[in-house]
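> My questions are about this predicted structure, shown below with the sequence.
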Amino acid sequence: MAKVIDGKAFAEGLRGRIAKAVDSLKSQHGFTPGLAVVLVGEDPASKVYVANKAKQTVEVGMNSWEHKLPAETSEKDVLALVEKLNNDPAVHGILVQLPLPKHIDSMKVLTAISPAKDVDGFHVVNVGKLSTGQDSLVPCTPVGSVMLAKDVLGSLDGLEAVVIGRSNIVGKPVAQLLLAENCTVTIAHSKTKDLPGVVRRADLVIAAVGRPEMVKGDWLKPGATVIDVGINRIERDGKGKLVGDCDYASCEKVAGAITPVPGGVGPMTIACLLYNTVKAACAARGIEQPA
Ligand code: NDP
């Protein structure tokens, strides 16, 4: 049976280290890192994410601002708010919750965020820095996924890694991070031929597909490490349930280690957002990030 990778416990430890770092920034440098979150509209899932982000930001001792705008807010007004936050020295991180209402061009808004405050790591400047090996703000879920893989495997040097999914939010940045860790990386997607055969080569599988329980145990090389990024809501036995992109029951019999859903990658995302905010705050002040 595979070792279960406890993302909840890892994220708790990371938040504890962030809280200590925030404390030392307050006592030694006299400032408090701050994160501003912008939510446009009434998407129920987004509202829950934003509330959780704000709660955890405050819990580690940082300043948190929530800007909730009605769904009909114009693109111009959203851009004006982003510009105001860009110019506010107390705000070190800006996150615009996606998806935005259809009449707003997400790419335009994301590109308006100052790259130095882009704690989601979606700005083209940060994407470019990541892909050219420069220090940058990196998307949170990919960072969290690689942290978990390194925690269980130690060095990732020379491992065959297969990333399933090529989105800008997860697949591509996670592949870049694995390349930087010296993995041999394959990125699979919906047009990949013989996906089970490709996945079977992998020492490390990162599944970011959005298809419930797609990856089966017999697709895995025995002993492979499986990081399941997927979060899918399904109905089973008349009840709602969260499942990943991997079929946990069959995968845990073959894998060496596996993240559960929920309780794997999920909790890492907000912890890494807080980590990025501290990183952005230290960079803005020109001080070294506390350990
Ligand atoms: P996207 O829908 O943006 O991308 C999905 C990717 O999977 C695409 O590249 C697509 O290929 C590929 N794909 C779809 N079907 C198949 C298939 N049958 N075989 C192989 N590849 C396929 O999703 P995201 O990257 O945004 O999210 C992926 C999953 O991760 C979702 O379940 C999401 O909920 C979850 N997620 C979890 C987070 C967390 O905090 N843990 C954060 C973000 C996402 P193609 O490009 O060819 O269409």
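Alright, I've got the coordinates. Numbers count the residues shown, from 1 in each chain.
> Do you have the helices of the stretch 1-150 of the chain handy? List them.
Using DSSP state H, counting those that start in this stretch, the helices assigned to the stretch 1-150 of the chain run over residues 7-29, 44-59, 75-86, 106-112, 124-131, 140-153.
> Now tabulate these in JSON lines and tack on distance to A180.
No exception for glycine: its C-beta is placed from N, CA and C like everyone else's. Formatted as JSON lines, the helices of the stretch 1-150 of the chain follow (distance: least, CB to CB, whole Å):
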{"stretch": "helix 7-29", "distance to A180": "20"}
{"stretch": "helix 44-59", "distance to A180": "26"}
{"stretch": "helix 75-86", "distance to A180": "28"}
{"stretch": "helix 106-112", "distance to A180": "23"}
{"stretch": "helix 124-131", "distance to A180": "8"}
{"stretch": "helix 140-153", "distance to A180": "9"}
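> This structure - how does it break down into domains?
30-116, 140-267 (automatic domain parsing).
> so which of those is the most packed in?
Per residue and on average, the most neighbours among these fall to domain 140-267, with a mean of 19 (mean count of other CB atoms under 10 Å).
> Leaving out sequence neighbours, find the closest residue to K26.
T32 (5.7 Å; CB to CB, 6 or more residues apart in numbering).
> on that earlier part again, including distance to N126 and mean pLDDT, could the domains of the chain go into a markdown table?
Converted to a markdown table, these look like this (distance: least, CB to CB, whole Å; pLDDT from 0 to 100):
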| stretch | distance to N126 | mean pLDDT |
| --- | --- | --- |
| domain 30-116 | 6 | 97 |
| domain 140-267 | 9 | 98 |
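> Quick one: closest of those to the ligand.
Proximity to the ligand (CB to the nearest ligand atom) singles out domain 140-267 among these, at 3.1 Å.
> how about the residue nearest to K26, what does it touch?
Applying CB atoms under 8 Å, 6 or more residues apart in numbering to T32 gives the contacts 22, 25-26, 61-63.
> Need the max-distance pair from those.
Maximum pairwise distance among the contacts of T32 (CB to CB): 11.6 Å, between L25 and N63.
> which residue sits closest to E83 in space, ignoring its chain neighbours?
Among residues not flanking E83 along the chain, A112 sits closest, at 6.9 Å (CB to CB, 6+ apart).
> Verify the stated contact: that neighbour with L85.
No - using CB atoms under 8 Å, A112 is not in contact with L85; the gap is 9.9 Å.
> per-residue pLDDT, P290?
If you check P290, the pLDDT there is 82.
> Which residues are in contact with it?
P290 sits next to 20-21, 24-25, 278, 282 when contact means CB under 8 Å, 6+ apart.
> In which helix or strand does I227 reside?
strand 225-228 (DSSP states H and E).
> Same list, the helices of the stretch 1-150 of the chain, but as CSV with distance to the ligand please.
Below are the helices of the stretch 1-150 of the chain laid out as CSV (distance: least, CB to the nearest ligand atom, whole Å):
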stretch, distance to the ligand
helix 7-29, 9
helix 44-59, 9
helix 75-86, 21
helix 106-112, 12
helix 124-131, 14
helix 140-153, 4
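> Show me which residues of this protein sit near the ligand.
141, 164-167, 169-171, 188-192, 195, 208-211, 229-232, 245, 265-266, 269 (CB under 6 Å from any ligand atom).
> mind redoing it with 5 Å?
141, 165-167, 169-170, 189-190, 208-210, 229-231, 265-266, 269 (CB under 5 Å from any ligand atom).
> Show only the entries of those residues found in helices.
Judged by DSSP state H, the residues of the chain next to the ligand include 141, 266, 269 as members of helices.
> that older thread, so which of the contacts of T32 comes closest to R236?
M62 (38.2 Å).
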